[in-house]
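Participant: Predicted model and sequence follow; I will ask about them next.
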Amino acid sequence: MPPRNARDVSSPRRAIPLSMARGPDEYVPGEQEPGVLLTSLRDLLQWAQNYPRSRSIWPFSYGLACCAIEMIQAASAPQYDLARFGWEVFRSSPRQADVMIVSGTVCTKMGPRLIRLYEQMPEPKWVISMGQCANSGGEFYDSYYIVQGVDTLVPVDVYIPGCPPRPEALIEGLLKLREQIEKQGLKERGEQ
């Protein structure tokens, strides 16, 4: 007598036929119908515009203090490798960049230059504030010559806390920015 788990090679395998349910008592969700995704044309166009844009961000490095060392570490060190996300092209010109990473202490003399560089960036543009000094003035919060947060000069999309933040924090901030870009809506012609 053959063992119980031995298969009879001579008998063909029987295919289980797929049939439609004849009533609500026979209906099992997900077994009868193929996977269908319904969406509107507007949502499809929004996805088609924002998905590639979120995967090819070109940062503009605006390093001012010790946080810039961590930003350089994240951009060029092999263990962090921003190239796997599509962010390895750190631009030196604001006219070629999508996102400005402000890392470090912004003094009052640097403020007008930061605004000018932000205005030279093409639309759409985003700003990441990296480190406590850029976020809120940091340990120089009571100084008369330090800007109390970059958001008083330009609109900030993502804040990265830390003094200085680790390269992993910058990667997490860029991933949060990627999520924000994917969720942006379409603008009608003439909208701001």
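Facilitator: Sure thing, it's come through.
Participant: W47 versus T39, what's the distance?
Facilitator: The spacing between T39 and W47, counted by C-beta to C-beta, to the nearest Å, is 8 Å. C-beta coordinates here come from the backbone N, C-alpha and C atoms, glycine included.
Participant: do the same with I160
Facilitator: I160 is 27 Å from W47, by C-beta to C-beta.
Participant: Those two: who's more crowded?
Facilitator: Legend: neighbour count by other C-beta atoms under 10 Å for I160 and W47, higher for I160 (26 against 13).
Participant: Tell me the pLDDT of that one.
Facilitator: Looking at I160, its pLDDT stands at 91.
Participant: need the contact list for it.
Facilitator: I160 makes contacts with 128-131, 135, 169-170, 172-173, as judged by C-beta atoms under 8 Å, 6 or more residues apart in numbering.
Participant: Quickly check those for the two that are furthest apart.
Facilitator: Spanning the widest gap among the contacts of I160 are N135 and E172, at 14.9 Å by C-beta to C-beta.
Participant: of those two, who's got more company?
Facilitator: Neighbour comparison, N135 and E172: the larger count goes to N135, with 21 against 14 (by other C-beta under 10 Å).
Participant: Secondary structure element for the more buried one, which one?
Facilitator: The secondary structure element spanning N135 is helix 132-136 (assigned by DSSP states H and E).
Participant: Please enumerate residues in contact with that helix?
Facilitator: Against helix 132-136 from outside (C-beta under 8 Å, 6+ apart): 64-65, 67, 102-106, 129, 138-140, 146, 148-150, 159-163.
Participant: now swap in stretch 48-62 and tell me
Facilitator: 68, 71-72, 75, 85-87, 89-94, 96-103, 114, 117, 121, 124, 126, 128, 174, 177-179, 181-184, 186.
Participant: Recalculate using a threshold of 7 Å.
Facilitator: Residues outside stretch 48-62 that contact it (C-beta atoms under 7 Å, 6 or more residues apart in numbering) are 71, 86-87, 89-91, 94, 96-103, 114, 117, 121, 174, 178, 181-182, 184, 186.
Participant: Among the residues you listed, which are located in strands?
Facilitator: 99-103 (DSSP state E).
Participant: okay, those residues in TSV with distance to P52 next?
Facilitator: Shown next, in TSV, are these (distance: C-beta to C-beta, whole Å):
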residue	distance to P52
V99	15
M100	20
I101	21
V102	25
S103	26
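Participant: Throw these into a markdown table and include pLDDT, thanks.
Facilitator: Shown next, in a markdown table, are the ones in strands among the contacts of stretch 48-62 (pLDDT from 0 to 100):
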| residue | pLDDT |
| --- | --- |
| V99 | 90 |
| M100 | 91 |
| I101 | 89 |
| V102 | 90 |
| S103 | 89 |
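Participant: Roughly how far does K183 sit from P122?
Facilitator: 21 Å.
Participant: scratch that, G63
Facilitator: In terms of C-beta to C-beta, G63 sits 21 Å off from P122.
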